[in-house]
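*Asks:* Have a look; sequence and predicted model below, questions after that.
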Amino acid sequence: MLRYILWRIAVMVPTLLIISALVFAIIELPPGDYFESYIAEIRAQGEGVNMEQIEALRKQYGFDQPPLLRYVHWVAGMLQGDFGYSFEYELPVSDVVGDRLWLTVLVSFVTIIFTWVIAFPIGLYAATHQYSWGDYGLSLVGLIGIAIPNFMLALVLMYFANIWFGTSIGHLMDQKYLSEPMSWAKAKSILEHIWIPVIIVGAAGTAGMIRRLRANLLDELQKQYVVTARAKGLSPTRTLLKYPLRMALNFFISDIGSILPAIISGAEITAIVLSLETTGPMLIKALQSQDMYLAGSFLMFLAFLTVIGVLVSDLALAVLDPRIRLQGRSTK
Amino acid sequence: MTSGADLLRVEGLRITFSVLGGGVEAVRGASFRILPGRVTALVGESGSGKSAISQAIMGILPSVASVTGRVVFNDPTGNKPVDLLSLDSGGREIQDIRGARISKIFQEPMTSLSPLHTIGNQISEVLKIHTDIDKAGRRERTEQLLGYVGFSDPKRAYDMYPFELSGGMRQRAMIAMALICSPALLIADEPTTALDVTVQAQILQLLRGLQSKLNMAMLLITHDLGVVANMADEVVVIYHGEIVEAGPVDAIFRNPQHPYLKGLMAAVPHFDMKPGERLKALREVPVQAGAIIGDRDVRKAGGPNVLVSVRNLSKTFSTRSSGWFGSGSAFRHRAVDNVSFDIRRGECLGLVGESGCGKTTISKILMRAVTPDKGTITFDDGEGALDVLKLDGAELKALRAKIQMVFQDPVSSLSPRMTVKNILSEPLEIHGRGTPKSRVETVRSLLQAVGLDQRFINRYPHSFSGGQRQRIGIARALALVPQLLICDEPVSALDVSVQAQILNLLKDLQKELGLTMLFISHNLAVVDYMADRIAVMYAGRIVELAPREVLMSDPIHPYTKSLLAAVPYPDLDRKLDFDLLQVSGGSDQQRWGVQFADGGDDEALVPADLGGGHFVLARKSVDARELRP
């Protein structure tokens, strides 16, 4: 087991390297660089450009060097925790991202928990009461959850949150805490605001998960080993919890791999509508303005999360499912 | 006998499954009894309602079923007789009976255990539900029982998962689970149907031994009259949901009354059949093979005597195992190991062996679906010898028309989205035979040849029964008028009565069309009925090859012997000799005589010629005369 984990982690290195090369290549693909779009922007405003300063900056960041060399510099820098320099914000990338990263992780984490807590009991109920009114009703609600566009739900929730609870519109906290360091009041304000994006971002995922859990459980409930358990004299509830649910968990776990990046990259629209202090809006802006180190770091962060997510789900699956864990030992 | 002596009485049981558009009555007023300490066999074909009855007794029928009647369980431990049907199927009372007083083992040992829990966990769970024994005590009792049912290392077995065990061992674990609370009644629902014949004999022996040791009653549900003859004290015969005959096993076997039972007995192939004797199918199908060949004469005069010649065929599958531990070493499994044989023109060569012995791999290699590692196959139908494994392009396509296959599973081998006409004309289209109009004509004559009504031509496979589907499969294989027909377990998915019908059909077709057949089966009796010569396979090797009568009367190889000894005869005077099974060693190579032992080196074993076309795989150094014990 330990060897497997080490091996998997070792495999992550080349995977991430390949991804970083792809990310770098894609960012390099559009003609020009940040400075060219910067010059164009300033010229459009009718101002003069200090070409010497620009050239100096270009030199400083190695834009006169061949792409391969810059790629090596970039990767080497990331390994030492230096993610490069955001031209747009004129700050190191790590300073720009800073808080936002942690807020993003917080929102995502709470969303995942929310999804599971809601989806699990409902999925169980729907599967065991197939074709009942409850099943139909919950399925309907779930389908609505999938169908409503995120931004619309965001607007609606924001409106009612303001009317009913007096929560300030937009952002993850009251405006006054935005630039303040972490404090008890700030934390409270975050808690007050966080449920809106969590519901919005989680709604579609929850509904999808209910559907999948229901379908998986229905399959498992037909299986012979469920009949065996009943023939033993096990009560229906315990049968359900011990056997089919355990089997249905597999898909749940393998979902983790895709859930992490999906939630972080999928929440952009919501984040823009709600002006959340998460990474989504920043990534989009960075891509638009060819702020390459900022965009590159974001993309690498997403890739890293994906790889970690897949690793975590694989390991959890192995712990949960002996068939995966012990297949090699299988003897006939 | 007073009714109080019955352990279980089923009275006027009716089970109806509600399906779309009405109800299907699976059981219609069945009544029978089970005596304490005796084995009662419930015999019937698939769909006759026998499994529904067992589910009704346990109260585990699916929710779409509705039940009326009475099932009175008279527990010998002293409780009052109770009508099991009156209990709430999710309630406390029936749960206390399930697993503790009445328990059940199922047909499929692969699926009836949860793959995610150790067998120890699943077995001791029964104790946890029904007794107050503490955890250590439960483990001890479980291990004790695992040893009892034949696990050599119960302590280790406790922590093993079902997928780490073979089918037979899983079924043993199921038996341990069913017996751990010493129930008054054990329901065994086709307990050996999914197992190989030698394993079946072991499981039957185990069940019989435990049943008499624990003085427990057993309801044995089966379609196999051979199993019934060896196990049962009482027999109940069910046909289309109705009990047609019931009584002690002697009366049933020696003097069957109901025409269905009589028909069933005549439909089972057995080893004492005279050459040329035909099985009597319950519903015979007339064969008109002339319809296919028309005025063409496929029985070409001349041509070499041997149609297919297989030499030194080997195929190794490697399964990548234990990538988990990082080593990633490949486990090499020899599916076919240095196999040589000939198929003579016009004969039926039987290939017998247990699951996993490589017989299907051989058929796939012959069909060029699998490429062997080494070896040659020569096909010669009088138009020049062809090296089958080297053909490609147009030559391969031409060969494919000459070798056709009939598959095991009549359900999955026919596309559900094609009509019979499409299915049967597809091979003709692929090989560009005839015009669309003449193809329809050919399809009609094919249907006629396999005894199907021509009106069925536009129907889809789902509207046919298993036997009819298999006939469509045979018709498809015959569409191109092949030289060689490979039948891979063509009847093992079919009921006994239908089996006889298909076997007779194949036999008639072979005779009329002059077909050469390779008939693959795990069922020795079926192969005995069909084949002219029989090859016995074990672990990728042909261990014995002989003309049919010689193999049956004078088997040499210990594996052939044990295979023959393990077949349950539907004959009360020829019960299985469990002791003999133990002696011959079965599939346990360690216990074969030294002259047959592998010895670890590849080249040590060669086919020894005993004369008269009888070959036995033995050590090179051993003289042929020494092989007979």
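*Replies:* Sure thing, it's come through. Numbering: from 1, shown residues only, chains lettered A, B, ... in the order given.

*Asks:* my read is A:Ala161 is in a strand, agree?
*Replies:* No. Under DSSP: H, G, I helix; E, B strand; the rest coil, A:Ala161 sits outside any strand and is assigned helix.

*Asks:* Can you give me the distance of it to A:Ile199?
*Replies:* Note on A:Ala161: its distance to A:Ile199, by Cβ to Cβ, to the nearest Å, is 10 Å. For glycine as for every other residue, the C-beta is placed from the backbone atoms N, C-alpha and C.

*Asks:* Could you do B:Leu7 as well?
*Replies:* In terms of Cβ to Cβ, B:Leu7 sits 60 Å off from A:Ile199.

*Asks:* Just want to know which of those two has more residues nearby.
*Replies:* Comparing B:Leu7 with A:Ile199 by other Cβ atoms under 10 Å in any protein chain shown, the one with more neighbours is B:Leu7, at 23 against 18.

*Asks:* Touching, that one and B:Pro81? I think so.
*Replies:* No. Using Cβ atoms under 8 Å, B:Leu7 makes no contact with B:Pro81, being 10.0 Å away.

*Asks:* Are there residues contacting both of those two? Which ones?
*Replies:* B:Phe73, B:Asn74 (Cβ atoms under 8 Å, 6 or more residues apart in numbering or on different chains).

*Asks:* how does chain B divide into domains?
*Replies:* Domain assignment for chain B, taken from automatic domain parsing, gives B:3-267, B:273-318+B:340-553.

*Asks:* how about the strands in the stretch 51-200 of chain A?
*Replies:* A:85-86, A:91-92 (DSSP state E, counting those that start in this stretch).

*Asks:* List the contacts of the single nearest residue of the stretch 51-200 of chain A relative to chain B.
*Replies:* Using Cβ to the nearest Cβ, the single residue of the stretch 51-200 of chain A nearest to chain B is A:Gln130, 9.8 Å away. Under the criterion of Cβ under 8 Å, 6+ apart, the neighbours of A:Gln130 are A:Arg214, A:Leu218.

*Asks:* What backbone torsions are found at it?
*Replies:* A:Gln130 adopts backbone torsions of phi -60, psi 140, taken as degrees, to the nearest 10.

*Asks:* Local confidence estimate at it?
*Replies:* pLDDT for A:Gln130: 84.

*Asks:* low-confidence ranges in the stretch 151-300 of chain A?
*Replies:* Low-confidence segments of the stretch 151-300 of chain A (pLDDT under 70): A:261-267.

*Asks:* from the strands of the stretch 51-200 of chain A, which stretch is densest packed?
*Replies:* strand A:85-86 (a mean of 23; mean count of other Cβ atoms under 10 Å in any protein chain shown).

*Asks:* so how far is stretch B:151-171 off the chain centroid?
*Replies:* From the chain centre to the centre of stretch B:151-171 is a distance of 23 Å (Cα atoms, centre = their mean, to the nearest Å).

*Asks:* Need phi/psi at B:Leu214.
*Replies:* Dihedral angles of B:Leu214 (phi, psi; degrees, to the nearest 10) stand at phi -90, psi 0.

*Asks:* what about it, how many neighbours?
*Replies:* By the measure other Cβ under 10 Å, the count of residues near B:Leu214 is 15.

*Asks:* my guess is it meets B:Leu179, correct?
*Replies:* Yes. Between B:Leu214 and B:Leu179 there is a contact under Cβ under 8 Å: 7.0 Å.
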